[in-house]
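*Asks:* I would like the atomic coordinates for the input below:
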Amino acid sequence: MEHAQGDHPVDLAAALARARSPERPAPGTSAGPAVRAWPGPSHPIPAAGPADLDLQALLRLSLAASDDSGRLRPASSAGALHPVDTELVVGTGCPLPPGRYGYDPLRHRVHRLGRQPDGTPPGVSAELSVTARRTVSHYGHRAWPLLLLDTGHAAAALLLAARALGADEPEVRLDGPAGNPLAVVRVVPPGGQGPVRPPDGTHRPQPASAPTPGELLARRSTPPPLAGAPPPDALRAVLCTAERAGTGDLRWSAAVGPPRPGLVGAAADGTTLRRRASGETRRTLAAWAAGQAWIADAGAVLLAHGCPADATAPHIRRTHLRAGFAVHLAHVTALRHGLAARPVGSWQQADLGAALGAAPGRDWIVHALALGTRHADEENTT
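*Replies:* Residues are numbered from 1 along each chain as shown. Got it, this is the predicted structure:
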């Protein structure tokens with residue numbers, strides 16, 4: 001069983017099976033407040049001292065809203081509904097006094113919830129959970145995979161913000177057995193020391209070159225259409241980023257168009273692309289992705305696939321969290337290579353393995369990133 005903060009428990013395996021079915025969502029409902037109603041008064045986040053982790057900047061670069069509606073934030077979210085809630089467990093080396101806090105991303109303020117647990121290490125642990133109602137309001141029974149993907153995106157946004165600030169490489173927990181929190185990202189102050197032996201379930205993607213704060217604040221999902229085939233070197237870089245970040249139960253491919261349409265993957269040497277299947281697949285992907293016709297003309301589509309039909313709840317949680325995490329990092333890599341990019345999270349009947357002649361129910365599309373070389377506004381002027 002899974003549990004969303006403030007919502008009813010859900011059978012995750014049954015929820016995923018229904019989300020993958022052709023059943024259409026019911027009419028929309030109210031999304032409710034854009035931010036969880038944390039108890040008590042709100043407090044500003046103090047400026048960081050010379051030896052402190054800059055919590056103001058960390059949260060501004062990863063989770064804070066940049067508009068009054070709360071829709072524009074650094075982390076991607078299905079329908080811009082942003083269901084992810086964040087509790088901060090603060091230790092020493094931070095501008096806030098040690099304790100537990102709820103974060104308000106609209107006002108960029110915190111609510112003190114209580115004392116920190118005994119043994120809290122230096123730095124901050126961001127515990128990510130979800131208010132399912134926000135996503136259910138638009139996507140109905142298709143919401144739960146999207147909630148998990150959004151949480152993975154938020155975890156990746158925190159990782160990138162920490163790198164941009166020069167903090168030690170964060171610990172990212174995406175494999176915990178409990179439903180709440182769904183993910184935890186621990187960031188220590190610059191020059192701090194993490195544990196010598198990370199606990200079971202800690203996900204440590206290979207560090208990449210640190211992004212700049214400007215890059216992180218400028219990232220956005222490109223509106224369709226996303227035309228133009230990415231150059232092979234750019235596509236290979238996106239694939240390699242996803243594979244490094246989304247290790248474990250996921251496989252990664254990219255659907256490409258003419259002159260040689262098919263599915264490609266990064267070769268083991270990391271310097272070339274290898275062909276996995278031939279034939280045009282983008283039209284099928286468009287039908288599977290909630291009928292988004294523009295995907296048929298995308299320059300390429302990065303695909304995270306796996307998560308069989310008989311997957312357990314921990315397996316489902318793990319693969320979807322890692323898929324969102326990896327696609328977020330791949331998105332930033334795509335932007336660095338001058339590509340237009342847009343995550344695609346809702347997939348129905350997308351049994352990629354069966355479509356390629358393998359056993360059915362074993363290799364489903366979990367997440368995707370549509371890629372192109374021309375942005376929508378450029379496409380409309382050509």
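*Asks:* List the residue ranges of the stretch 101-250 of the chain that fall below the pLDDT cut-off.
*Replies:* The stretch 101-250 of the chain contains residues with pLDDT under 70 at 176-177, 192-208.
*Asks:* so how far is residue 40 from the residue nearest the centre of the chain?
*Replies:* Centroid-nearest residue in the chain, with C-alpha atoms, centre = their mean: residue 153, separated by 1.9 Å. For residue 153, the distance to residue 40 equals 28 Å [C-beta to C-beta, to the nearest Å]. The way it works is simple: take the backbone N, C-alpha and C, and place the C-beta from them, glycine included.
*Asks:* got it, and residue 357?
*Replies:* Distance from residue 357 to residue 40, by C-beta to C-beta: 58 Å.
*Asks:* same deal with residue 252?
*Replies:* Residue 252 is 44 Å from residue 40, by C-beta to C-beta.
*Asks:* More neighbours: the two, which one.
*Replies:* Neighbour count, other C-beta atoms under 10 Å: between residue 252 and residue 40, residue 252 has more, with 25 against 11.
*Asks:* Quick check: can you name the pairing partners of the helix or strand where residue 265 lies and their directions?
*Replies:* When elements are assigned from DSSP states H and E, residue 265 belongs to strand 262-266. Using DSSP bridges, the strands paired with strand 262-266 are strand 251-256 (antiparallel), strand 273-278 (antiparallel).
*Asks:* you'd agree residue 20 is up against residue 349?
*Replies:* Yes - between residue 20 and residue 349 there is a contact at 6.6 Å, judged by C-beta atoms under 8 Å.
*Asks:* So those two - more neighbours on which side?
*Replies:* Using other C-beta under 10 Å as the criterion, residue 20 and residue 349 rank with residue 20 on top: 21 against 14.
*Asks:* tell me the phi and psi of the more buried one?
*Replies:* Phi and psi for residue 20, reported as degrees, to the nearest 10, are phi -80, psi -10.
*Asks:* Give me the residues contacting the strand holding residue 265.
*Replies:* With C-beta atoms under 8 Å, 6 or more residues apart in numbering as the test, strand 262-266 has contacts from 235-236, 239-240, 243, 251-256, 272-281, 303, 356.
*Asks:* what do you get if the cut-off is 10 Å, keeping everything else the same?
*Replies:* Here strand 262-266 makes contact (C-beta atoms under 10 Å, 6 or more residues apart in numbering) with 232, 235-244, 251-256, 272-281, 300-301, 303, 305, 352, 356.
*Asks:* Spit out the residues that contact residue 20 and residue 349 alike.
*Replies:* Contact criterion C-beta under 10 Å, 6+ apart; residues shared by residue 20 and residue 349: 288, 364-365.
*Asks:* Most neighbours among those residues, which one is it?
*Replies:* If you count neighbours using other C-beta under 10 Å, the busiest of the shared contacts of residue 20 and residue 349 is residue 365, which has 26 neighbours.
*Asks:* Looks to me like that one is in a strand.
*Replies:* Yes - under DSSP: H, G, I helix; E, B strand; the rest coil, residue 365 sits within a strand.
*Asks:* Give the closest residue to it in space, chain neighbours not counted.
*Replies:* Of all residues not flanking residue 365 in the chain, residue 350 sits nearest, at 3.9 Å (C-beta to C-beta, 6 or more residues apart in numbering).
*Asks:* What is the neighbour count of that neighbour?
*Replies:* 21.
*Asks:* same thing with residue 98?
*Replies:* If you count neighbours by other C-beta under 10 Å, residue 98 ends up with 15.
*Asks:* I'd say it and residue 115 touch.
*Replies:* Yes - using C-beta atoms under 10 Å, residue 98 is in contact with residue 115, at 7.8 Å.
*Asks:* before we move on, the earlier item: give me the buried entries from the contacts of strand 262-266.
*Replies:* Neighbour counting with 16 or more other C-beta atoms under 10 Å marks 235-244, 251-256, 273, 277, 281, 300-301, 303, 305, 352 as buried within these.
*Asks:* circling back: let's have the strands paired with strand 262-266 in a markdown table, adding distance to residue 325.
*Replies:* Below are those laid out as a markdown table (distance: least, C-beta to C-beta, whole Å):
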| stretch | distance to residue 325 |
| --- | --- |
| strand 251-256 | 13 |
| strand 273-278 | 23 |
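*Asks:* what about those strands, which gets the closest to residue 334?
*Replies:* Taking C-beta to C-beta, strand 251-256 is the member of the strands paired with strand 262-266 nearest to residue 334, at 11.1 Å.
*Asks:* got the CA coordinates for that closest one in PDB?
*Replies:* This file holds the C-alpha atoms of strand 251-256, laid out as PDB (Å, rounded to 0.1, in the frame of the first residue of the first chain):
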ATOM      1  CA  ARG A 251      16.300   0.700 -19.800                       C
ATOM      2  CA  TRP A 252      16.900   3.700 -22.000                       C
ATOM      3  CA  SER A 253      16.300   4.100 -25.700                       C
ATOM      4  CA  ALA A 254      15.500   7.000 -28.100                       C
ATOM      5  CA  ALA A 255      13.000   6.900 -31.000                       C
ATOM      6  CA  VAL A 256      14.400   8.700 -34.000                       C
END
